[in-house]
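Student: would you be able to build a 3D model of this:
(chains A and B)
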There are 2 protein chains.
Amino acid sequence: MHEIRTGFGDVLKRQLELAERNYELLADQGVRGINVMGAIGSGKTSLILRMAERLLARGVRVGAIAGDVAGDDDFKKFQAAGLPSALINTEDQCHLDPHRVRHALDEFPLTEVDVLFVENVGNLVCPADFPLGCEQDLVVISVTEGEDMIRKHPKMFAQTDVVAINKMDLAEVVGVDPQRLVEDYRRVNPHGRVVLTDAKSGRGVEELLSALGLIR
Amino acid sequence: MHEIRTGFGDVLKRQLELAERNYELLADQGVRGINVMGAIGSGKTSLILRMAERLLARGVRVGAIAGDVAGDDDFKKFQAAGLPSALINTEDQCHLDPHRVRHALDEFPLTEVDVLFVENVGNLVCPADFPLGCEQDLVVISVTEGEDMIRKHPKMFAQTDVVAINKMDLAEVVGVDPQRLVEDYRRVNPHGRVVLTDAKSGRGVEELLSALGLIR
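Tutor: Numbering: from 1, shown residues only, chains lettered A, B, ... in the order given. Presented below is the predicted three-dimensional model:
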């Protein structure tokens, strides 16, 4: 599952090395890291909270890192849910990078968690270029983003093997056919898994956990 | 209206110079450039098309540049609407920059337009750092992005004087109170103008054109 991405320039090779070290740190501690990417408002935080509920109910211990340009809204939600959590404010940077994540991991009570969700900055472009050292990537998209958003970001979807199409409850209202998104995704990533979710109602959350290999 | 942003590092100073040149080129041709920013799915393209309809009906000639990481969905919509238009695919870059815009302007039939909408890449972070040489900036946000999106991106909103809160028809369905967004915006930018819009029905489009100084 841990795949080394190729094709990076020299500048990004350093990032890859840092990501490898994060991966080793997490592996040493028996923690499975999930890098959760997606545009602002796609529902990353809500979906993480839903997944955490289901995992906690099974006795799996869950932590979360909230990555945002500014603000602590998501961090506070993780705290309110009782999850061991950390906040990374990137200021001008539109993505998390492995160095910042490392600093957060060094302070994190890793011995208290089995699964660590790392919520990336809301942006569908640059996070694709910065591996963080997580075992698995998840991209969350919302039907409210329109039917063309996979075609607009082929790289992100080609390299991500699990995609959640979220806010399914709004698909009809916004007139978006999720099957068109599924087809676009299959075209750029024939082996990926796509799950239709609705974080509000909990639809698809079990299936998503299974696609991520977090439950059987 | 044309404001020079300060606080940029040396790398970005070059961008500012390039933006100045674009500004001069547009001014020489009597073209008013509008840099339209906002996350993916906020409704930038639809709102531009609505504004174009109203302007064309008044005899104002409108053109558009579609900026996207990949794909030509938005460009095709501008073409279908009969607007002189151009496409910029940024590939790995999560924002337009003035150099790419210059190349597009050099090929653009500027003598055929009075107003040029430059639709930036769908991203609420980095476009804030790259002035393009437009006379005015517009940020489009959607109520579907949640109530915290202004707090998460204070820089973008502090420096943008016109904000459209779009997809107002969905505010109730998604349970977002637009007044909270308006208050957050006032906090970071007390002098800015905020307009509630719904590109589907056309709500707020006239008011938005007026806020941008494109109609009286």
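Student: over to the most centrally placed residue in chain A: give its phi and psi.
Tutor: In chain A, the centroid-proximal residue (Cα atoms, centre = their mean) is residue A:36; its distance is 0.7 Å. Note on residue A:36: its backbone torsions stand at phi -100, psi 110 [degrees, to the nearest 10].
Student: that one: what's it in contact with?
Tutor: By Cβ atoms under 8 Å, 6 or more residues apart in numbering or on different chains, the contact list for residue A:36 reads A:44, A:47, A:48, A:117, A:118, A:119, A:120, A:138, A:140. Using the backbone N, CA and C atoms, a C-beta is placed for each residue, glycine as well.
Student: what is the nearest of those residues to residue B:104?
Tutor: Nearest to residue B:104 among the contacts of residue A:36: residue A:120, at 30.1 Å, using Cβ to Cβ.
Student: quick one: that closest one and chain B, what's the gap?
Tutor: Separation of residue A:120 from chain B (Cβ to the nearest Cβ, to the nearest Å): 12 Å.
Student: need the pLDDT of that residue.
Tutor: Turning to residue A:120, the model gives it a pLDDT of 97.
Student: how near is it to residue A:134?
Tutor: 10 Å (Cβ to Cβ, to the nearest Å).
Student: and which of the contacts of residue A:36 is nearest to chain B?
Tutor: Nearest to chain B among those is residue A:44, at 10.4 Å by Cβ to the nearest Cβ.
Student: quick one: buried residues of the longest helix along chain A?
Tutor: For chain A, the longest helix by residue count, based on DSSP state H, is helix A:10-28. For helix A:10-28, burial by neighbour count (16 or more other Cβ atoms under 10 Å in any protein chain shown) applies to A:12, A:15, A:16, A:18, A:19, A:22, A:23, A:25, A:26.
Student: and the closest residue in space to the last one that isn't next to it in sequence, what are its bridge partners?
Tutor: The reference is to residue A:26. When the adjacent residues along the chain are set aside, residue A:26 lies closest to residue A:33, with 4.9 Å between them (Cβ to Cβ, 6 or more residues apart in numbering or on different chains). Applying DSSP bridges to residue A:33 gives these bridge partners: residue A:116.
Student: residue A:33 is in contact with residue A:118, isn't it?
Tutor: Yes: using Cβ atoms under 8 Å, residue A:33 makes contact with residue A:118 at a distance of 6.0 Å.
Student: the more surrounded of those two?
Tutor: The neighbour comparison of residue A:33 against residue A:118 (other Cβ atoms under 10 Å in any protein chain shown) goes to residue A:118, with 28 against 25.
Student: now do the helices in chain A.
Tutor: A:10-28, A:44-57, A:73-80, A:98-107, A:154-158, A:171-174, A:178-188, A:205-211.
Student: including distance to residue B:186 and mean pLDDT, could the ones you listed go into a markdown table?
Tutor: Shown next, in a markdown table, are the helices of chain A (distance: least, Cβ to Cβ, whole Å; pLDDT from 0 to 100):
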| stretch | distance to residue B:186 | mean pLDDT |
| --- | --- | --- |
| helix A:10-28 | 39 | 90 |
| helix A:44-57 | 25 | 98 |
| helix A:73-80 | 18 | 97 |
| helix A:98-107 | 31 | 96 |
| helix A:154-158 | 34 | 92 |
| helix A:171-174 | 28 | 92 |
| helix A:178-188 | 36 | 95 |
| helix A:205-211 | 37 | 98 |
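Student: JSON lines for those helices, including distance to residue B:57?
Tutor: JSON lines is the format used below for the helices of chain A (distance: least, Cβ to Cβ, whole Å):
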{"stretch": "helix A:10-28", "distance to residue B:57": "49"}
{"stretch": "helix A:44-57", "distance to residue B:57": "41"}
{"stretch": "helix A:73-80", "distance to residue B:57": "41"}
{"stretch": "helix A:98-107", "distance to residue B:57": "50"}
{"stretch": "helix A:154-158", "distance to residue B:57": "37"}
{"stretch": "helix A:171-174", "distance to residue B:57": "27"}
{"stretch": "helix A:178-188", "distance to residue B:57": "32"}
{"stretch": "helix A:205-211", "distance to residue B:57": "47"}
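Student: nearest to residue B:204, out of these?
Tutor: helix A:171-174 (18.3 Å).
Student: pull the residues that contact that closest one.
Tutor: A:143, A:144, A:177, A:178, B:170, B:173.
Student: close to chain B: what parts of chain A are there?
Tutor: Residues of chain A lying close to chain B (Cβ under 8 Å from any Cβ of the partner chain) are A:39-41, A:68-71, A:73-74, A:92-94, A:121-126, A:129, A:142, A:144-146, A:148-149, A:151-155, A:167, A:170, A:173-174.
Student: so which of the residues you listed are in strands?
Tutor: A:68, A:142 (DSSP state E).
Student: give me the ChimeraX select line for the residues of chain A next to chain B, limited to the buried ones.
Tutor: Buried residues within those, by 16+ other Cβ under 10 Å, are selected in ChimeraX with:
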select /A:39,40,41,68,69,70,71,73,74,93,94,121,122,123,124,125,126,129,142,144,145,146,148,149,151,152,153,154,155,167,170,174
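Student: surely residue A:153 is in contact with residue A:126?
Tutor: No: with contacts counted by Cβ under 8 Å, residue A:153 stays clear of residue A:126, the gap being 10.7 Å.
Student: returning to what we had before: would you mind measuring from the residue nearest to the centre of chain A to residue A:18?
Tutor: From residue A:36 across to residue A:18, the span is 19 Å (Cβ to Cβ).
Student: cool, and residue A:194?
Tutor: Residue A:194 is 30 Å from residue A:18, by Cβ to Cβ.
Student: for residue A:89, same thing?
Tutor: 19 Å.
Student: just residue A:157 next, same as before
Tutor: For residue A:157, the distance to residue A:18 - Cβ to Cβ - is 24 Å.
Student: hmm, back to that, now do the shared contacts for residue A:120 and residue A:134.
Tutor: By Cβ under 8 Å, 6+ apart, the residues touching both residue A:120 and residue A:134 are residue A:35.
Student: give me the residues contacting stretch A:190-209.
Tutor: Here stretch A:190-209 makes contact (Cβ under 8 Å, 6+ apart) with A:43, A:46-47, A:49-51, A:54-55, A:138, A:140, A:157, A:160-169, A:178, A:181-182, A:185-186, A:211, A:215.
Student: 7 Å instead?
Tutor: A:43, A:46-47, A:50-51, A:54-55, A:160-169, A:178, A:182, A:185, A:211, A:215 (Cβ atoms under 7 Å, 6 or more residues apart in numbering or on different chains).
Student: give me the neighbour count for residue A:103.
Tutor: When neighbours are counted by other Cβ under 10 Å, residue A:103 comes out with 11.
Student: name the nearest residue to it, ignoring sequence neighbours.
Tutor: Per Cβ to Cβ, 6+ apart, closest to residue A:103 is residue A:88, 7.9 Å.
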